[in-house]
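Participant: kindly generate the corresponding structure for this input.
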Amino acid sequence: MKQIPKIAFVVLLVLFSVYSFAQSNWVAPKDADNLKNPLDNEQNTIKQGKKLYQQFCVICHGDKGKGDGLASVALNPKPANFNTDKFMKQTDGAIYWKLTEGRTPMASYKESLTDEQRWQLVNYIKSFKK
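Facilitator: Numbering: from 1, shown residues only. Below you'll find the model as predicted:
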């Protein structure tokens with residue numbers, strides 16, 4: 001009988017690991033890649049995006065977008081690091097889609113930010129790699 005709790009623990013650990021791995025590979029649907037950013041990358045757009053980032057994103061993603069904000073310690077999956085090549089290879093449309101739809105623990109910003117504000121955030125986030 002003592003084997004059952006050990007086996008149950010191992011099964012739960014494996015399931016949790018698989019779930020965590022699946023959650024960490026968040027991929028937007030292919031049609032999101034077709035969304036075109038209507039904003040240019042001028043400084044004013046990036047400046048507005050930075051203000052929004054400080055208000056909505058820095059607590060989890062950190063000042064420099066490395067996924068190391070104060071709240072990141074308690075989150076699973078961990079917040080994205082915007083400085084990685086993997087992240088930066090995403091299209092603007094994919095990032096916009098993720099900001100719009102959200103995924104636990106990240107909130108959806110569909111209702112709280114306008115389309116323009118979400119695109120401003122995309123432009124600011126993309127500026128981390130420059």
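
Participant: helix, strand or coil for the spatially closest residue to His61 that is not a sequence neighbour?
Facilitator: Using CB to CB, 6 or more residues apart in numbering and skipping residues adjacent in sequence, the residue nearest His61 is Pro79, 4.9 Å away. Backbone N, C-alpha and C define where each C-beta goes, glycine included. At Pro79 the chain is in coil, as set by DSSP: H, G, I helix; E, B strand; the rest coil.

Participant: contacting residues around Pro79?
Facilitator: By CB atoms under 8 Å, 6 or more residues apart in numbering, the contact set of Pro79 is 60-62, 67-69, 71-72, 106.

Participant: need the buried ones from those residues selected in PyMOL.
Facilitator: The PyMOL selection below is limited to those of those classed as buried (16 or more other CB atoms under 10 Å):
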select buried, resi 60+61+62+67+69+72+106
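
Participant: closest to Lys51 out of the contacts of Pro79?
Facilitator: Closest approach to Lys51 among the contacts of Pro79 (CB to CB): His61, at 14.8 Å.

Participant: for Ser72, see how far away the closest one is.
Facilitator: With distances taken as CB to CB, to the nearest Å, His61 is found 8 Å from Ser72.

Participant: cool, and Pro79?
Facilitator: 5 Å.

Participant: likewise Thr100?
Facilitator: The gap separating Thr100 from Ser72 is 22 Å, by CB to CB.

Participant: and Glu111, by the same measure?
Facilitator: Distance of Glu111 to Ser72, given as CB to CB: 24 Å.

Participant: look at the one residue sitting closest to the centre of the chain and report its pLDDT.
Facilitator: Nearest to the mean C-alpha position of the chain, counting by CA atoms, centre = their mean, stands Ala80 at 5.0 Å. Ala80 carries a pLDDT score of 95 in this model.

Participant: wait, what's in contact with it?
Facilitator: By CB under 8 Å, 6+ apart, Ala80 lies in contact with 26, 61, 67, 87.
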